[in-house]
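Q: Below are the sequence and a predicted model for it; my questions follow.
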Amino acid sequence: DRPISEWIGYMLVVSDNALAESMARLVSLDLGLDGSSASFTEAFRLGLAGTGLDLSSIKIEDGSGLSRYNQISPDLVNDLLILINQPSSDFEIIKSAMPVAGESGSLSGRFVGLEGKVVAKTGWIRTGYTLAGFAQAADGSELIFTVYNLGDSVGVENREAMDLLVAGFQSCGLALTN
């Protein structure tokens, strides 16, 4: 038996979709629902109740994030990242488990020259790349970002463009707000 924090860490670093699906089903069951994919939207709403997040527009079709029918806005992801970034929150384990540029998981070979400066969760399906997380900016600030690169079909050039955009965020830092 391992603590759930280790399972979360493993799932996030290696992008284990089967484990993500299983964990979503367990959350559903733990909240008194039936554990089916049809219960996921309600499970997410119940599980995140009391956080202040606006969950009214979410639609969760699967726990792995592979369904193109999932609907989670970039604004909601960014708001969740703000919660994750709060010290001593119930969500801080997520940040410490996310892939790190040049070091771990799906970012181990990305962001050359920015090793350790970008901590983010990656996503990919045939119709999109996503990247959401934190950047230690060149000016010393920490930025929270969420980028969706969507289309009818996406290729590696879409991922590379997204990475260049995030590298630009890191380079600009707080100048982005002015």
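A: Ah, there it is.
Q: Please tell me how far the residue most central in space within the chain sits from Ala175.
A: The residue lying closest to the centre of the chain (CA atoms, centre = their mean) is Lys121, at 4.3 Å. From Lys121 over to Ala175 the distance is 25 Å, taken as CB to CB, to the nearest Å. Every C-beta, even on glycine, is put in place using the N, C-alpha and C of the backbone.
Q: Can you classify the residue nearest to the centre of the chain by secondary structure?
A: Classification of Lys121 using DSSP: H, G, I helix; E, B strand; the rest coil returns strand.
Q: my guess is it meets Gly133, correct?
A: Yes. The pair Lys121 and Gly133 qualifies as a contact (CB atoms under 8 Å) at a distance of 6.0 Å.
Q: what's the longest helix in the chain?
A: Among all segments of the chain classified by DSSP state H, the helix with the greatest residue count is helix 156-172.
Q: Give me the residues contacting that helix.
A: Outside of helix 156-172, the residues within contact range by CB atoms under 8 Å, 6 or more residues apart in numbering are 110-111, 114, 117-118, 120, 124, 128-129, 131, 135-138, 143, 145, 147, 149, 151, 176.
Q: which stretches of this protein aren't confidently modelled?
A: Within the chain, the segments meeting pLDDT under 70 span 178.
Q: Now do the helices in it.
A: Taking DSSP H as the criterion, the chain carries its helices at 4-14, 17-30, 40-47, 74-84, 92-97, 156-172.
Q: So which other helices or strands are in contact with the fifth one?
A: Of the remaining helices and strands, those touching helix 92-97 by 3 or more CB pairs under 8 Å, 6 or more residues apart in numbering; DSSP states H and E are helix 4-14, helix 74-84.
Q: Centre of the chain to that helix, how far?
A: The chain centre lies 11 Å from the centre of helix 92-97; the measure is CA atoms, centre = their mean, to the nearest Å.
Q: in stretch 54-62, what's buried?
A: Of the residues in stretch 54-62, those scored as buried under the neighbour-count criterion (16 or more other CB atoms under 10 Å) are 55, 58, 60-62.
Q: can you list the residues that contact stretch 89-103?
A: Here stretch 89-103 has contacts from 5, 8-9, 11-13, 80, 83-86, 105-112, 114-122, 133-134, using CB under 8 Å, 6+ apart.
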